[in-house]
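Asker: build the 3D model from these lines:
(chains A, B, C and D)
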Amino acid sequence: MPKRELKLEEKTLLSRAAREVRHGAFVNLGIGLPQYLPEYLPSAQEVTFHSENGFTGMGEGNPDGTPDSDIIDAGGRPCRVIKGAAFFDSLTSFAIVRGGNLDLAVLGAFEVAVNGDLANWKIPGKFIPGMGGGMELAQKANHVLVISHHIDKKGRGKLVNECRLPLTGKACVDTLVTDRAVFRLRNGRMTLTCVHSDHTPESVLDPIDADVSVADDLELWDPADR
Amino acid sequence: MPKRELKLEEKTLLSRAAREVRHGAFVNLGIGLPQYLPEYLPSAQEVTFHSENGFTGMGEGNPDGTPDSDIIDAGGRPCRVIKGAAFFDSLTSFAIVRGGNLDLAVLGAFEVAVNGDLANWKIPGKFIPGMGGGMELAQKANHVLVISHHIDKKGRGKLVNECRLPLTGKACVDTLVTDRAVFRLRNGRMTLTCVHSDHTPESVLDPIDADVSVADDLELWDPADR
Amino acid sequence: MLDRVTSVEHAVRDCIRHGQTVMVGGFGRGGVPFTVLDAVTRVTDVGDLVLIKNDANEPGIGIDALLKAGRVRKLIATHIGLNPDFIAQMNRGEVECEIVPQGIFAEKIRAGGAGIPAILTDIGIGTEVEQGKRKVILDGRAYLLERALQGDVALIRADVADRAGNAWWRGSNRNMCVVMGTACERVIVEAREIVDTGAIDPENVHLPAVFVDYVVPSGPLPHAT
Amino acid sequence: MLDRVTSVEHAVRDCIRHGQTVMVGGFGRGGVPFTVLDAVTRVTDVGDLVLIKNDANEPGIGIDALLKAGRVRKLIATHIGLNPDFIAQMNRGEVECEIVPQGIFAEKIRAGGAGIPAILTDIGIGTEVEQGKRKVILDGRAYLLERALQGDVALIRADVADRAGNAWWRGSNRNMCVVMGTACERVIVEAREIVDTGAIDPENVHLPAVFVDYVVPSGPLPHAT
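Answerer: This is a model prediction of the structure:
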């Protein structure tokens, strides 16, 4: 897995995202920030990671430092597997996803719309890598958790009224965790359900251009609770 | 594999049918007479048998006589596997058949019609076992060889103008070998192409109620050539 | 990974309910979950079941007890020739039976497990199999639209399972077991041998633990009747 | 069983023709038939190829040489992000590229191998993936009809193959290799290790010999560029 020094807000959103992962879950981690999630999970929690190129039971990089080029993650980086892992082919890998056996996909996003639409695979004219397994993960994981900076480098909020970029999936995002807040799809609309304790509903909602309702049971979460 | 004493005419038709099997072929043998075919093949010939319940490389019953109940043929009888065998599940087994990788299916028949239709799975009101894998084998093996007594116990020919029984497959029989002759589907019609040397075109065609043409290049075959 | 080993009684009581659709592995005797079926018969009284199984077993073994007890509403199978008692029940109109070509039977279950709502096929075209089925024209040819099959519970017998649920089959026992394990909400694997998690080489796992809910030990196999 | 081991040059000369559709295994570097691809580049001059491959490799390895030499008319893939040279070629209009969601890519190939002309799926519904695709309504919901993919030749890299063609993959190398091996008229398996026929336990064979035409030895893998 990739190793770079994370920014404080990234650590915050990963800490909060980790609370969304259930004991015993089978989880797929998208490329990028989601790949840092495992180290934020309580060690007592049993979570099994699915790698869409063909296995369940992905673990951290080789402990003795020798990369095993026969065991790579979906981003092409050598990793290792835990006891109880199973290797399979791409068919079984996506049968797991489409068949309803993947409990959670943790994905990045370019845009999340208030109706749960997700755009994360293509920026026409600029970035055309192909969706890989992203559409299946977005459409078919039992829960889709998007983790993202609240505001992008140009100061725009990731949560929007309508995606302008090509969609990965329609109405597929269940939960969006940013460095400032948590939004959940309730009655088909993204709803602010939790604000991190160093923020307020105003500091969460003011910088984003999206019509989000605020939950009656709005929670406060303290990043120090990690 | 089952062992009973074969009748002379059964030995004859098996000897002739064996000549239809190509070197290197992957072959499925239906239940009944087809299962006796292997002992009629020249020992130098490489033929690999497919068992639709899940393997390629079926061999004769256990040589030391101990049945291995974990290795059974599609009829439920213990058998063994040769070196190079592969076990798989029912999906792969029929992917081999439908995908065009089974060179030959050797099947029994209730009726074969002159257009190549085959009926071999159901006699309404009397015999309703289910078609098992029979339809896939009949429709999708690259070559379908039916072996059958020329005349049934009631004196009726197996080759008919039109099947009265429910079909297993339409226009699927390439070759019919009986104890008297060989018929091949040519231009969509079953054509008498070979007569066994103890028979004549008349003794082949007179007892059957089917409009069969006789090939210009009609061959004679001597059962002693086995 | 979670430890999924439990008693057959607990697994059966926790998973099986009246009126459910239950997939049962096996082809002939290979892969038939005799121990779990015995528990379903013995420790539950669920009925009105739809069973999906390659064949009807032979009289006296496998699903025959459930069939004889009238606890099965419908059997979907490919071949029932080895159970004349069931054929007689069917002919008396006591139980419904739907016969599907074997490879398509497997594919319908795979589709159910792989999240594919339907496939097209020409198997059965021109035979009574096409009766009542929707056709789709592709390049001028008609194909049958075969719908996916899914189940509430899958009951399958493996030869080796680890405690997490990864399973491996010997010889020709795999047949419909693996694909049924992918196509049901709950999956009970009975195994001749239960080993520590990780003891099966990950490359050789036939059914990954992600599909499995419970692992239970197999009892002795029934003798031929 | 027949001995299917030969030289890579012979296998490639015997199987690959101008204008063919060629499936190439691999995901990233795992399972990519580097030795066979090198031989296609070096000992043949076939062009106008349609390649079906999960990704476009990285510049300098795998299919990149064939792409750069203009011998590929079209690539069907799921992800091309690691080969900016190919993206540039595509943007210059020199080569066609069709992008398919990864699981559906695998399913289309499986359908081709399993004699299934098409499947229905909701993957891509509501996205640009649905453009130009036929829809079929089932229970009031629209699904995309995805056609099978077949190839003339499959080129795949296994870790172990026996002389008859039975093959086994280590770790995450299996990816698209096995399914591609089922979906093509001719199949060349290159293997790190070639063993005597029967040396792989029959239960652990990933791709049975019935699908395979030639087995050739893998050379050393390319270094990262």
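Asker: chain A: helices as residue ranges?
Answerer: Taking DSSP state H as the test, the helices found in chain A are A:8-18, A:90-98, A:134-140, A:201-205.
Asker: which one of those helices lies nearest to chain B?
Answerer: helix A:90-98 (9.8 Å; CB to the nearest CB). Bear in mind the C-beta positions are built from the backbone N, C-alpha and C, glycine included.
Asker: re earlier: and of the helices of chain A, who's closest to chain D?
Answerer: Per CB to the nearest CB, nearest to chain D of the helices of chain A: helix A:90-98, 2.8 Å.
Asker: helices or strands up against that closest one?
Answerer: When contacts are defined as 3 or more CB pairs under 8 Å, 6 or more residues apart in numbering or on different chains; DSSP states H and E, helix A:90-98 packs onto strand A:48-51, helix A:134-140, helix D:102-113.
Asker: picking up where we left off before, mean pLDDT and mean neighbour count added to the helices of chain A, as TSV?
Answerer: Shown next, in TSV, are the helices of chain A (pLDDT from 0 to 100; neighbours: other CB atoms under 10 Å in any protein chain shown):
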stretch	mean pLDDT	mean neighbour count
helix A:8-18	96	20
helix A:90-98	98	27
helix A:134-140	98	28
helix A:201-205	96	16
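Asker: which parts of chain C sit against chain A?
Answerer: By the rule CB under 8 Å from any CB of the partner chain, the part of chain C lying against chain A is C:1-2, C:110, C:112-116, C:162, C:164, C:166, C:182-183, C:196-198, C:202-203, C:205, C:208-211.
Asker: in TSV, list the helices of chain A along with distance to A:I82.
Answerer: Shown next, in TSV, are the helices of chain A (distance: least, CB to CB, whole Å):
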stretch	distance to A:I82
helix A:8-18	18
helix A:90-98	17
helix A:134-140	21
helix A:201-205	37
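Asker: closest one to C:R134 among those helices?
Answerer: Closest of these to C:R134 is helix A:90-98, at 22.2 Å (criterion: CB to CB).
Asker: what's that closest one in contact with?
Answerer: Helix A:90-98 has contacts (CB atoms under 8 Å, 6 or more residues apart in numbering or on different chains) with A:26, A:28, A:50-56, A:102, A:105, A:133, A:136-137, A:140-141, C:110, C:113-116, C:182, C:208, C:210-211, D:27, D:54, D:102-107, D:110, D:121, D:123, D:174-176, D:179.
Asker: how far out from the middle of the chain is that helix?
Answerer: 19 Å (CA atoms, centre = their mean, to the nearest Å).
Asker: send over that helix as PDB, restricted to the C-alpha atoms.
Answerer: Provided in PDB are the C-alpha atoms of helix A:90-98 (Å, rounded to 0.1, in the frame of the first residue of the first chain):
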ATOM      1  CA  SER A  90     -11.900 -11.600 -12.100                       C
ATOM      2  CA  LEU A  91     -15.200 -13.400 -12.600                       C
ATOM      3  CA  THR A  92     -15.500 -14.500  -9.000                       C
ATOM      4  CA  SER A  93     -14.200 -11.100  -7.800                       C
ATOM      5  CA  PHE A  94     -17.000  -9.300  -9.400                       C
ATOM      6  CA  ALA A  95     -19.600 -12.000  -8.700                       C
ATOM      7  CA  ILE A  96     -18.800 -11.200  -5.100                       C
ATOM      8  CA  VAL A  97     -19.500  -7.500  -5.700                       C
ATOM      9  CA  ARG A  98     -22.600  -7.800  -7.900                       C
END
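Asker: what distance do you get for the most centrally placed residue in chain C to B:F87?
Answerer: Centroid-nearest residue in chain C, with CA atoms, centre = their mean: C:V24, separated by 2.5 Å. C:V24 sits 20 Å away from B:F87, going by CB to CB, to the nearest Å.
Asker: ok, A:K140 next?
Answerer: Counting by CB to CB, the gap from A:K140 to B:F87 is 31 Å.
Asker: quick one on the thing from earlier: for the residue nearest to the centre of chain C, what are its contacts?
Answerer: C:V32, C:P33, C:L37, C:L51, C:I52, C:K53, C:G62, C:I63, C:A154, C:L155, C:I156, C:M180.
Asker: any idea how far chain B is from the residue of chain C positioned farthest from its centre?
Answerer: Distance from the C-alpha centroid of chain C peaks at C:G140, with 35.7 Å (CA atoms, centre = their mean). Computed as CB to the nearest CB, to the nearest Å, the C:G140 to chain B distance reads 17 Å.
Asker: near chain B, which of the contacts of helix A:90-98 show up?
Answerer: Answer for the contacts of helix A:90-98 near chain B (CB under 8 Å from any CB): C:R110, D:R110.
Asker: whichever of the contacts of helix A:90-98 end up buried, select them in ChimeraX.
Answerer: Here is the ChimeraX command that picks out the buried ones among these, judged by 16 or more other CB atoms under 10 Å in any protein chain shown:
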select /A:26,28,50,51,52,53,54,55,56,102,105,133,136,137,140,141 /C:110,113,114,115,116,182,208,210,211 /D:27,54,102,103,104,105,106,107,110,121,123,174,175,176,179
